[in-house]
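*Asks:* Turn this into a structure:
(2 chains)
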Amino acid sequence: MIDVNVSLSRWPLRRLPCDETPRLVERLKRHGVTQAWAGSFDGLLHRDIGGVNARLADECRRHGEGRLVPFGSVNPMLPDWAEDLRRCHEQYCMPGIRLHPNYHGYALTHPAFLELLAGAEKRGLVVELVVRMDDIRVQHPLMRVADVDTKPLPELIARRRNLRLVLLNALATIRGAELKRIAAAGRVYFDISMQEAVAGVAELLRLVPAERILFGSHFPLFDLESAALKMRESELTVAEAQAIGHGNAERLLADRT
Amino acid sequence: MGLEDSPRAMSLGDSLPRRELLSRFSRAAAAMALCGASGPPAQADPFPEIAKGEIWDLHGHLGGGRTPEESITRSLKYADRMGIRRVVVSMGMSFSYDPSPEEFRRQNDDVLRAVRQAPDRVFGFVYLNPKHVAESLKELDRCVRDGPMVGVKLWVAVHCNDRRLDPIVRRAAELKAPIFQHTYWRTGENLPGESTPADLADLARRHPNAALICGHTGNDWERGIRAIRATKNVSIDLSGCDPTAGMVEMAVRELGPERVIYGSDFPGRSFASQLAKVYSADLPDAPRRLILAENARRLLRPILAAKGIRI
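*Replies:* Below you'll find the model as predicted:
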């Protein structure tokens, strides 16, 4: 299994049972996750993003047991963000980056964001864009962060034909017709971490082709078992389970140009 | 109910090198294991109660079908996949925040139809509105005293520390019917009439003999658990909020496993995401079984015994 939505380090508001990397890796192993794309919680609020990404790369190398694939943070609102992008790609050989527009304070129409996407596309990096981190109804009063406004996405995706975009934690926010519209716009993928309802993964397949759905848990802020059990709850063909479980993620990385 | 076979998935290339073939096979086995398909077990099942089908779900609703019968049949199909033996349902095919007596009777009729559809699987809780005390008491008698329902559901019509609840809670306690109170603790303002866990603790102090359940643990569970910690006649329901890690660990630490009850809030929430809260907690077998079934069974045993229902 490939989990495309894992984070290292500390969630700012609570200690989590698996927020130390060895324990996190142990849990991944227990549930058959052979590869996890790992961002860093530090990327949400830290301004020394260079330090965040250096620690992420080091942590994955030292404790990942070959399972953790680092996805560095880039904040295009910071001075000289292009150097962070360069280091992710050239220095740490990361296959992708993870973006938090709502924590970093920009809309998806901001020129710096568009420039960042163009740079990532040119470098062949997978872009993971996180739509929300936690339930907006019960956020800490000092850290109320609205979901990313995804309305500009269809046009933006359609313009970047070689961009491989993964929307993480998107499915509590984007639903129904809007979800279909975004999925139809280009090479955009969705993880199942926030897909809810009985037989939710099967229901998702009514709106999004199986080849665009990825196994993602939002672990360790969410329980890893949630994504694992969702796969069990839905009636999926072997082909669908394999595609969502690992095949789509493998292709996504292999397709890098 | 098993995994559907797919010829496409089984046509792994004959000409692949052996190492690649083995690698693909192991990944396919992992995918199948996640879906609950049978195959060579690599290790002990991490979800034993699911395999045994012995879980009780204390919080569900109707939906996902055109009729109550269709809705409950669909939900039970997926409950089967997740090892859930018994479910509690409340409220009708459509909800209303502040139902008139006619409206809550209509919703309870929907639930009665769902109970009749699968009486060995489905328990009903009667939906009441404390703004209409006399009619609520009559409905309690109709559905619980004289009917098959075994508990009370209160939603957001009235804050639950309102004195108008007192006669309803007293009557429910006489009937040995537990009361499930929706609670929320929003960062902004709650809905009008929406209770917090602290409101429920107020009610619990006035009615120490009533069995009360704190729905969703307020969603903001770190505050919710603390709010009801000192009121021993309140249990928490795990349902209806994101599977944020650490919820069950804190609940067991602060309340003990006897006051923690699995519920999902199906069909709006998946059985899976809510079960994950329990399975992620690394609990020994005994407390995990309490949370997944035995606490709900214990809570309902008095009224089921009074009705002559054996479980």
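*Asks:* CA only for contacts and neighbour counts going forward, please
*Replies:* Will do.
*Asks:* Identify the neighbouring strands of the helix or strand harbouring A:W37 in the sheet and state each direction.
*Replies:* Take DSSP states H and E as the rule and A:W37 turns out to sit in strand A:35-40. As defined by DSSP bridges, the strand partners of strand A:35-40 come to strand A:2-8 (parallel), strand A:68-73 (parallel).
*Asks:* buried ones in stretch B:109-122?
*Replies:* B:109-117, B:121-122 (16 or more other C-alpha atoms under 10 Å in any protein chain shown).
*Asks:* rewinding a little: any idea which of the strands paired with strand A:35-40 gets closest to A:I97?
*Replies:* strand A:68-73 (4.6 Å; C-alpha to C-alpha).
*Asks:* Burial check on the closest residue to B:M91 other than its chain neighbours, number of neighbours?
*Replies:* Spatially, and ignoring its direct neighbours in sequence, B:M91 is nearest to B:Q107 (5.4 Å; C-alpha to C-alpha, 6 or more residues apart in numbering or on different chains). B:Q107 sits with 23 neighbouring residues when counted by other C-alpha atoms under 10 Å in any protein chain shown.
*Asks:* now for the helix or strand encompassing B:Q107, which elements pack on it?
*Replies:* For B:Q107, the element it lies in under DSSP H and E is helix B:101-117. For helix B:101-117, the packing partners by 3 or more C-alpha pairs under 8 Å, 6 or more residues apart in numbering or on different chains; DSSP states H and E come out as helix B:68-81, strand B:84-90, strand B:122-127, helix B:133-140.
*Asks:* Just confirm B:H182 contacts B:V158, I think it does.
*Replies:* No - with contact defined as C-alpha atoms under 8 Å, B:H182 does not reach B:V158; the gap is 10.7 Å.
*Asks:* okay, the two: which has more neighbours?
*Replies:* Remark: of B:H182 and B:V158, B:H182 carries more neighbours, 24 against 20, as counted by other C-alpha under 10 Å.
*Asks:* Could you pull up phi and psi at that one?
*Replies:* phi -60, psi 130 (degrees, to the nearest 10).
*Asks:* what's the closest non-adjacent residue to it?
*Replies:* B:G215 (4.3 Å).
*Asks:* where does chain B dip in pLDDT?
*Replies:* B:1-43 (pLDDT under 70).
*Asks:* in it, which spans are helices?
*Replies:* Assigned by DSSP state H, chain B shows helices spanning B:7-10, B:18-34, B:48-52, B:68-81, B:101-117, B:133-140, B:166-174, B:197-206, B:221-228, B:247-255, B:271-279, B:285-289, B:295-306.
*Asks:* just those helices: most buried one?
*Replies:* Most buried of the helices of chain B by mean neighbour count (mean count of other C-alpha atoms under 10 Å in any protein chain shown) is helix B:271-279; its value is a mean of 28.
*Asks:* and the angle for it with helix B:68-81?
*Replies:* 40 degrees (axes from the mean of the first three to the mean of the last three C-alpha atoms, to 10 degrees).
*Asks:* The residue nearest to B:M91 and B:S96 touch, don't they?
*Replies:* No - taking contacts as C-alpha under 8 Å, B:Q107 lies outside contact range of B:S96: 9.5 Å.
*Asks:* ok, is stretch B:183-192 in contact with chain A or not?
*Replies:* Yes - Stretch B:183-192 reaches chain A (C-alpha under 8 Å from any C-alpha of the partner chain) through B:185-188.
*Asks:* which of those count as buried?
*Replies:* B:185-186.
*Asks:* hang on, the earlier thing: for the strands paired with strand A:35-40, give me a markdown table that also has distance to A:R212 and mean neighbour count.
*Replies:* Putting the strands paired with strand A:35-40 into a markdown table (distance: least, C-alpha to C-alpha, whole Å; neighbours: other C-alpha atoms under 10 Å in any protein chain shown) gives the following:
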| stretch | distance to A:R212 | mean neighbour count |
| --- | --- | --- |
| strand A:2-8 | 13 | 27 |
| strand A:68-73 | 19 | 29 |
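*Asks:* Could you provide those strands in CSV, with additional columns for mean pLDDT?
*Replies:* Shown next, in CSV, are these (pLDDT from 0 to 100):
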stretch, mean pLDDT
strand A:2-8, 98
strand A:68-73, 98
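*Asks:* I'd like those strands as TSV, with distance to A:F41 appended.
*Replies:* Converted to TSV, the strands paired with strand A:35-40 look like this (distance: least, C-alpha to C-alpha, whole Å):
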stretch	distance to A:F41
strand A:2-8	6
strand A:68-73	9
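*Asks:* ok so, going back, make a markdown table out of the helices and strands packed on helix B:101-117 and add distance to A:L221.
*Replies:* Formatted as a markdown table, the helices and strands packed on helix B:101-117 follow (distance: least, C-alpha to C-alpha, whole Å):
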| stretch | distance to A:L221 |
| --- | --- |
| helix B:68-81 | 26 |
| strand B:84-90 | 26 |
| strand B:122-127 | 33 |
| helix B:133-140 | 41 |
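*Asks:* Ok, which of these comes nearest chain A?
*Replies:* Chain A lies closest, by C-alpha to the nearest C-alpha, to one member of the helices and strands packed on helix B:101-117: helix B:68-81, at 5.9 Å.
*Asks:* Residues touching that closest one, excluding its own?
*Replies:* A:198-199, A:232-234, B:1, B:50, B:53, B:62-65, B:85, B:92-93, B:110-111, B:113-114, B:117, B:266-267, B:271 (C-alpha atoms under 8 Å, 6 or more residues apart in numbering or on different chains).
*Asks:* can you list the residues of the stretch 1-150 of chain A near chain B?
*Replies:* A:1, A:16-17, A:32, A:135, A:137-141.
*Asks:* Closest one to A:L168 out of these, please.
*Replies:* For the residues of the stretch 1-150 of chain A next to chain B, the minimum distance to A:L168 (C-alpha to C-alpha) is 13.9 Å, reached by A:D135.
*Asks:* thought that closest one was touching B:D242?
*Replies:* Yes - look at A:D135 against B:D242 with C-alpha under 8 Å: they come within range, at 7.2 Å.
*Asks:* For those two, indicate the residue with more neighbours.
*Replies:* It is B:D242, of A:D135 and B:D242, that has more neighbours when counted by other C-alpha under 10 Å, with 22 against 17.
*Asks:* Need phi/psi at that one.
*Replies:* phi -60, psi 150.
*Asks:* got a list of what it touches?
*Replies:* Residues in contact with B:D242 (C-alpha under 8 Å, 6+ apart) are A:135, A:222, B:273-274.
*Asks:* Next: A:R10.
*Replies:* A:16, A:19, A:41-42.
*Asks:* Of the residues you listed, which is the nearest to chain B?
*Replies:* Nearest member of these to chain B, counting by C-alpha to the nearest C-alpha, is A:L16, at 6.2 Å.
*Asks:* and the closest one, helix, strand or coil?
*Replies:* Here A:L16 is recorded as coil under DSSP: H, G, I helix; E, B strand; the rest coil.
*Asks:* For it, the count of nearby residues, please.
*Replies:* Here the count is done by other C-alpha under 10 Å, and A:L16 has 19 residues near it.
*Asks:* now do B:V234
*Replies:* 26.
*Asks:* partners of the closest residue to it other than its chain neighbours in the sheet?
*Replies:* Sequence neighbours aside, B:L212 is the residue nearest to B:V234 in space, at 4.8 Å (criterion: C-alpha to C-alpha, 6+ apart). With DSSP bridges as the criterion, B:L212 is bridged to B:I179, B:V234.
*Asks:* just checking, B:L212 touches B:T183?
*Replies:* No - with contact defined as C-alpha under 8 Å, B:L212 does not count as touching B:T183 (11.6 Å).
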